[in-house]
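*Asks:* Quick check, what structure comes out for this input:
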Amino acid sequence: MASAPGPASLGVDSGDGRPRWDNKLQYLLSCVGFAVGLGNIWRFPYLCQSHGGGAFLIPYLMALAFEGIPLFHIELAIGQRLRRGSVGVWMAISPYLGGVGLGCLSVSFLVSLYYNTVLAWVLWYLLNSFQHPLPWSVCPPNDNRTGLVQECQGSSSVSYFWYRQTLNISADIDHSGSVQWRLLLCLAACWAVLYLCIIRGIESVGKAIYFTALFPYLVLTVFLVRGLTLPGAVEGLAYLFTPSRKPGGPGLLRFVPGPRALRPLQMQTLQSPRVWLDAATQIFFSLSLAFGGHIAFASYNALRNDCRKDAVTIALVNSMTSLYAAIVVFSVLGFKAAQDHGRCLDGNILRLINEFELPDQSVSRDNYTAVLVRLNATRPARVAGLRLQVCRLQDFLDKSASGPGLAFIAFAEAVLHMPGAPAWAVLFFAMLFSLGLSSMFGNMESIIAPLLDMGVLPRSVPKEVLTGAVCLVCFSLATCFSLQSGSYWLEVFDNHLAALNLILFAFFEVVSVAYVYGLERFCDDVAWMTGRRPGLYWRVTWKVISPLMLLTVLVVYIALLVRAPPSYRTWDPQYEHFPVRPEKLFPAWVQAVRIVLTVLPALCVPGAALVQLLVTRRRQKQDVWQGTRLKLQDSRAC
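*Replies:* Numbers count the residues shown, from 1 in each chain. Predicted structure coming up:
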């Protein structure tokens, strides 16, 4: 039963002129589009596979239940009740908490710089996917037309297209190199498309979101149907979900293909703190928590809206999408591994046939092992001299990657082996572009909504001007990622900017609501908006479990960050073990940039609180001085 209206301190005039969503579906799709992004495609499947397959779902679901959904509910509730952006919301709860909103704004701004650069890469691949054959399917000829480019022969055509023809990557981060104009033009196009989609706020976003949020699900379904019919798909899915202990490595869980039954699920992987940390941080990136975008989106809702149901629904849809994407990704990667494994066997078979002058049909993939054992028993010296490759399906499955490596190398190579490769490439990169674009809607709303609430522009200036200015500034700053060293810098931003700050801001959010504003008052607001008072689960998670989990994750993350070597992997054709990517330490000046990126957004919290304290004390002194002066004036008059 609904309680009385919420506290007067949070009272908002429903006729304040703030924009409203055209319908509930637009709002839900916008939140889903913001939450479901590239990380669902290329980070969750990798984490699930590398941390024990099905075992990883245990910490992931626990983090979702006791960290993700409760915090998500808080963000939707306070945004809907206060009808402001992230800065205005926390300022309303306490003037000393404005730094939380400013920190969220700064993280969203910096993330937008490199996130749209990834979209520029995707757009470049999408444009090149309309060729037949695909440009990354073959190595180009050298300058003399006497052979193929040596760098491509030493690696692969897919890697060469990514590292040289797309990024034209420098040997290390110290060498910036020149601007890659093709990437700069793609970056400009991405920012132009984004501006056109958000130019009128939720009015234009609400129209574009129908396509950008739903199209990826259509493509994933098409890939799922196709992927499950490909040879090797079953092995890929088994590798993803059913781990077994890999010999020689304690705690490393892998699926070992073979005719025997899969081993039972082993849970030793859960003893690693890294697994729990990755599960917790994946929830933040997956749900886009603590960015401020969901607060802004919820502020355009009607006051009487069931934000609790929205929070649970969107969170579950997001997690199911991650699982759905993992099935699609590893069915295709299983196919790729099966193709690589088959080519490896064919190469060995050809060597055996030529060396021992065997009939062409006498050796096949099915009897290769038996023939090799027989030949090795009778003529071991000749077999050893062939230096046959070790062909194990598991080794090819172990090459699964995350991040750009999954999309631009592993998946790009996989589509080469599929009939009608250009069509599959177009679908895949169009899907990635739609996913990234819908996530950018939320990122930009995280920036623009607080700026509008703070009144950075006079009311007479249209919102389109502020939106255009933000996009122009972001594009100008993001041009550094189009340098030859740009991918190294993108890795620095991605690894050291968001995670620590998002965990810290989320901790302040839940503590501020539970202990500063007051849990009972917040529950009153939720009951007034939804008609139901939060139950024991919500109250306990907000009051105890979520703060403790966030604090633990924060401490563990800082500990692992301090212990981890400050290194990165480069692409250097001159390296003696090329195409292995050598690992290098960051230079001292890059280390300084890493530290600044890590701590600068977090400093907004104490910095804004200190400024507010100084302003308050100054006003108090002015009030005291004003009161003293009035008393003196009164005494003189008497």
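*Asks:* so who does Pro404 touch?
*Replies:* Pro404 makes contact with 42, 118, 121, 162, 487, according to C-beta atoms under 8 Å, 6 or more residues apart in numbering. In short, each C-beta sits where N, CA and C put it, glycine included.
*Asks:* Point me to the helix or strand that includes the second one.
*Replies:* In this assignment (DSSP states H and E), Val118 forms part of helix 98-128.
*Asks:* buried residues in that helix?
*Replies:* Using 16 or more other C-beta atoms under 10 Å as the test for burial, helix 98-128 gives 98-126, 128.
*Asks:* Then stretch 327-337?
*Replies:* Here stretch 327-337 shows 327-337 as buried, counting by 16+ other C-beta under 10 Å.
*Asks:* hmm, who's touching that stretch?
*Replies:* Contacts for stretch 327-337 (C-beta under 8 Å, 6+ apart): 41-42, 45, 49, 220, 223-224, 227-228, 230-237, 239-240, 393, 396-397, 399-400, 406, 410-411, 413-414, 417-418.
*Asks:* How about stretch 598-617?
*Replies:* By C-beta under 8 Å, 6+ apart, stretch 598-617 touches 95-100, 102-103, 106-107, 110, 496-497, 500-501, 504-505, 508, 561.
*Asks:* same check, this time on stretch 580-592
*Replies:* 172-174, 492, 565-572, 575, 594.
*Asks:* Just the buried subset of these, please.
*Replies:* 172-173, 492, 566, 568, 570-572, 594.
*Asks:* pLDDT check: weakest of those?
*Replies:* Across the buried ones among the contacts of stretch 580-592, the bottom pLDDT score, 80, is held by Pro566.
*Asks:* thinking again about what came up before, between all of the buried ones among the contacts of stretch 580-592, which two are separated the most?
*Replies:* Spatially, the most separated pair among these is Asp572 and Arg594, at 21.5 Å (C-beta to C-beta).
*Asks:* Now do the end-to-end distance for stretch 414-430.
*Replies:* End-to-end span of stretch 414-430 (C-alpha to C-alpha, to the nearest Å): 16 Å.
*Asks:* Quick one: mean pLDDT for it?
*Replies:* Mean predicted confidence for stretch 414-430 is 94.
*Asks:* Pull up the per-residue confidence for Leu218.
*Replies:* According to the prediction, Leu218 has pLDDT 96.
*Asks:* separation between the residue lying closest to Asp22 once chain neighbours are set aside and Ala302?
*Replies:* Of all residues beyond its chain neighbours, the one nearest Asp22 is Gly206 (5.5 Å), with distances taken as C-beta to C-beta, 6 or more residues apart in numbering. Going from Gly206 to Ala302 by C-beta to C-beta, to the nearest Å gives 15 Å.
*Asks:* Between those two, point out the one with more neighbours.
*Replies:* It is Gly206, of Gly206 and Ala302, that has more neighbours when counted by other C-beta atoms under 10 Å, with 22 against 12.
*Asks:* tell me the contacts of the more buried one?
*Replies:* With C-beta under 8 Å, 6+ apart, Gly206 has these contacts: 21-22, 26, 30.
*Asks:* Mind checking which of the buried residues of stretch 327-337 land in helices?
*Replies:* 327-337 (DSSP state H).
*Asks:* show me the contacts for Leu113.
*Replies:* Here Leu113 is in contact with 474, 477-478, 481, 493 (criterion: C-beta under 8 Å, 6+ apart).
*Asks:* okay, now the spatially closest residue to Lys543 that is not a sequence neighbour: neighbour count?
*Replies:* Leaving out its chain neighbours, the residue that sits closest to Lys543 by C-beta to C-beta, 6+ apart is Ala514, at 5.2 Å. Residues lying near Ala514 (other C-beta under 10 Å) number 19.
*Asks:* Model confidence score at Ala514, please.
*Replies:* On the pLDDT scale, Ala514 gets 94.
*Asks:* Name the spans of the protein whose pLDDT lies under the cut-off.
*Replies:* 1-17, 52-53, 243-270, 400-402, 627, 629-638 (pLDDT under 70).
*Asks:* residue ranges of the strands in it, please?
*Replies:* 244-245, 253-254, 567-569, 583-585 (DSSP state E).
*Asks:* Now do the contacts for the closest residue to Phe34 other than its chain neighbours.
*Replies:* Nearest in space to Phe34, with sequence neighbours left out and distances taken as C-beta to C-beta, 6+ apart, is Gly442 at 2.9 Å. Residues in contact with Gly442 (C-beta under 8 Å, 6+ apart) are 30-31, 33-35, 288, 291, 293-294, 296-297.
*Asks:* quick check, nearest of those residues to Ala425?
*Replies:* Nearest to Ala425 among the contacts of Gly442, with distances taken as C-beta to C-beta, is Gly33, at 23.0 Å.
*Asks:* which residue ranges form the helices in the stretch 151-300 of the chain?
*Replies:* Secondary structure of the stretch 151-300 of the chain, counting by DSSP state H, counting those that start in this stretch: helices at 157-160, 181-198, 202-228, 233-241, 273-287, 293-298.
*Asks:* Could you check how far Tyr115 is from Leu187?
*Replies:* 11 Å.
*Asks:* got the residue ranges for the helices in the stretch 401-550 of the chain?
*Replies:* Under DSSP H, counting those that start in this stretch, the stretch 401-550 of the chain gives helices at 404-405, 412-416, 421-453, 463-478, 486-496, 498-511, 519-530, 536-540, 546-563.
*Asks:* out of the ones you listed, which comes closest to Ser156?
*Replies:* Among the helices of the stretch 401-550 of the chain, if distance is taken as C-beta to C-beta, the winner is helix 412-416, at 7.5 Å.
*Asks:* mind listing what's buried in the closest one?
*Replies:* Buried residues in helix 412-416 (16+ other C-beta under 10 Å): 412-416.
*Asks:* want to throw the residues you listed into a markdown table with distance to Lys309?
*Replies:* As requested, these are exported to a markdown table (distance: C-beta to C-beta, whole Å):
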| residue | distance to Lys309 |
| --- | --- |
| Ala412 | 40 |
| Glu413 | 43 |
| Ala414 | 39 |
| Val415 | 39 |
| Leu416 | 45 |
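*Asks:* Tell me the spacing between Ser460 and Ile202.
*Replies:* On the measure of C-beta to C-beta, Ser460 and Ile202 end up 21 Å apart.
*Asks:* More neighbours: these two, which one.
*Replies:* Neighbours per residue, other C-beta under 10 Å: of Ser460 and Ile202, the larger number sits with Ile202, 24 against 5.
*Asks:* That one reaches Ser30, doesn't it?
*Replies:* Yes - between Ile202 and Ser30 there is a contact at 7.4 Å, judged by C-beta atoms under 8 Å.
*Asks:* Next, show the common contact partners of the two.
*Replies:* By C-beta under 8 Å, 6+ apart, the residues touching both Ile202 and Ser30 are 21, 297.
*Asks:* List the contacts of the closest residue in space to Cys190 that isn't next to it in sequence.
*Replies:* Spatially, and ignoring its direct neighbours in sequence, Cys190 is nearest to Leu119 (4.6 Å; C-beta to C-beta, 6+ apart). Taking C-beta under 8 Å, 6+ apart as the contact definition, Leu119 lies against 190, 433, 436-437, 440.
*Asks:* Can you name the two of these that sit furthest apart?
*Replies:* Using C-beta to C-beta, the contacts of Leu119 reach their maximum pairwise distance at Phe433 and Met440, which is 10.4 Å.
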